[in-house]
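Colleague: Sequence plus predicted model, see below.
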Amino acid sequence: MDAITAGRAPAAHRPREAVRVRDARDLISIVPHLLGYRPQQSVVIVCLRSGGQVGPVARLDLGDIAAPGFAEQVAGHVAGCALAGSALPGSALPGSALPGRAWSGGTQSGSVWPGGTQSGGALSGSALPGGVRPGSALPGAAWPDRAGAALVIAFHQGEMPAPVRAGLAGLRRALRRTLGAVEAWAVGDTHFRCLDCADPACCPPEGWEVSRLTGTAAQTEMVFAGACPLPSREALAALPWVSSQRRRSARRAAARARAGPAQLGGAQLQRWIAAVEQVTAGIEPSSGHLGRLGVALETPRLRDAALLWLLPGFGATARRLVAAGGGGFERTAAEVGRAMESIVTGNLRPDDPGSRAPAGVRLLEFLAAHLDPPARVAPLALLALLAWWGGQGSLARVRVEQALAVAPADSLARLVETILLAGLPPGWVRAEARGTI
């Protein structure tokens, strides 16, 4: 199983007004923008809240729902998160009998902001209330304006096998037992249709041409605001292209850094700062610089300091962290705890003045693309954390998977995985929901 995300857009691209979604067709048309990529052979569950707000959005592999008991597990977890107002997880279902099937996507809830979840960076933001309104321009597409409603959308190619159709029906039944109002749609190669309407005068048996999902008003607003969904989840996982020559150069620099004398933390942090400044100015650091920096980030304290340097207002804390020793380290560690608290439960946002997060994301992508394991783990884990902080659960899940594939016990990657599994949104998201920022 794959995805959970939210109706939120990158903070940098967020407009001042919510996108107005008039009907099921509008909502289906912006699913790729909510996920950050175009789902294929997938089931997408879009939960709807009171007032028509979009809640958690889940994506799973179409074939997975044919497994015995899997649809019930998914429905129970999705409904529990939707009714409790929490985010859906970015990891495997708790107690799942299907290891390896994981949520990908998954953050907090809200209504629809244009901007999608992936357009080359890792930062995405939130949604305004009232973005999705009941009432349909397509027959059979209305839903009640209350909590506990959902749209189940099957994206498929060709005919769906009988076990998949049965699993989809079981998923709908299970969701209806908990959410009540659930409407199911199928989007094929050439047509899309409502699976719950048997009246041919209302819904043609063959459905409507998929061309009607292109150019909707809601989709146009999303694109205008900068939302550019990628063609697939694999494209979401891609890192910048790097020539073999640059990778060899980075590998040699990393080998020399490991073989040479240990450098002081302050010098290593300064290397990170210089690289961030280069990326901010539009300059790609040299492959040698990236190779040495990758080795430095293998040290947990330097990795933590690198993260702090990206957060607005914590640059001095980053410098103290690498310089501290003895009791000074304990005091600085407390400051680091407060910095993390400001992300997890506070109001700190990735687009706040002074944030270096966008440049940091780009630099970490360069690093992950240049480095060999195990030096790739720290950049990938940091990318996962920054993606989650930006509200981009799909990308966070992808980066966690990439990091854990190299180092299954990496503490930071496991931390982000736990956050995703718990469905914990960043603090600024919850603050927006409370109306405190």
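Modeller: Great, that's in hand. These numbers come from a predicted model, not from an experiment.

Colleague: How is the protein divided into domains?
Modeller: 3-231, 244-434 (automatic domain parsing).

Colleague: which one of the ones you listed lies closest to Ala238?
Modeller: Nearest to Ala238, of all the domains of the chain, is domain 3-231, at 8.3 Å by CB to CB. In short, each C-beta sits where N, CA and C put it, glycine included.

Colleague: for this protein, which spans come out with low pLDDT?
Modeller: 1-18, 50-53, 79-148, 264, 324-331, 422-423, 432-437 (pLDDT under 70).

Colleague: In CSV, list the C-alpha atoms belonging to stretch 352-363.
Modeller: Taking Å, rounded to 0.1, in the frame of the first residue of the first chain, the C-alpha atoms of stretch 352-363 are listed here in CSV:
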residue,chain,number,x,y,z
ASP,A,352,9.1,32.0,7.7
PRO,A,353,11.5,34.9,7.2
GLY,A,354,15.0,33.7,7.7
SER,A,355,14.3,30.1,6.8
ARG,A,356,17.1,28.5,4.7
ALA,A,357,15.0,25.3,4.2
PRO,A,358,14.5,25.7,0.4
ALA,A,359,18.2,26.0,-0.2
GLY,A,360,18.9,23.2,2.3
VAL,A,361,16.5,20.9,0.4
ARG,A,362,18.2,21.5,-2.9
LEU,A,363,21.7,21.0,-1.3
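
Colleague: mind putting the domains of the chain in a markdown table, mean neighbour count and distance to Ala237 included?
Modeller: Shown next, in a markdown table, are those (neighbours: other CB atoms under 10 Å; distance: least, CB to CB, whole Å):
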| stretch | mean neighbour count | distance to Ala237 |
| --- | --- | --- |
| domain 3-231 | 21 | 9 |
| domain 244-434 | 20 | 5 |
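
Colleague: Switch these over to TSV; also include distance to Ala238.
Modeller: Formatted as TSV, those follow (distance: least, CB to CB, whole Å):
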stretch	distance to Ala238
domain 3-231	8
domain 244-434	9
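
Colleague: Tell me how far the residue of the chain most remote from its centre lies from Leu60.
Modeller: The centre of the chain is farthest from one residue, Ala201, which by CA atoms, centre = their mean lies 40.1 Å away. Using CB to CB, to the nearest Å, Ala201 is found at 33 Å from Leu60.

Colleague: The residue farthest from the centre of the chain should be in a strand, yeah?
Modeller: No. Counting by DSSP: H, G, I helix; E, B strand; the rest coil, Ala201 is located in no strand; its state is coil.

Colleague: What segments of the stretch 301-437 of the chain are helices?
Modeller: Taking DSSP state H, counting those that start in this stretch, the helices of the stretch 301-437 of the chain run over residues 315-323, 327-344, 357-370, 377-389, 393-406, 411-422, 427-434.

Colleague: Rebuild the ones you listed as TSV, extending it with distance to Ala169.
Modeller: Listed next are these as TSV, based on distance: least, CB to CB, whole Å:
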stretch	distance to Ala169
helix 315-323	54
helix 327-344	39
helix 357-370	41
helix 377-389	34
helix 393-406	27
helix 411-422	28
helix 427-434	34
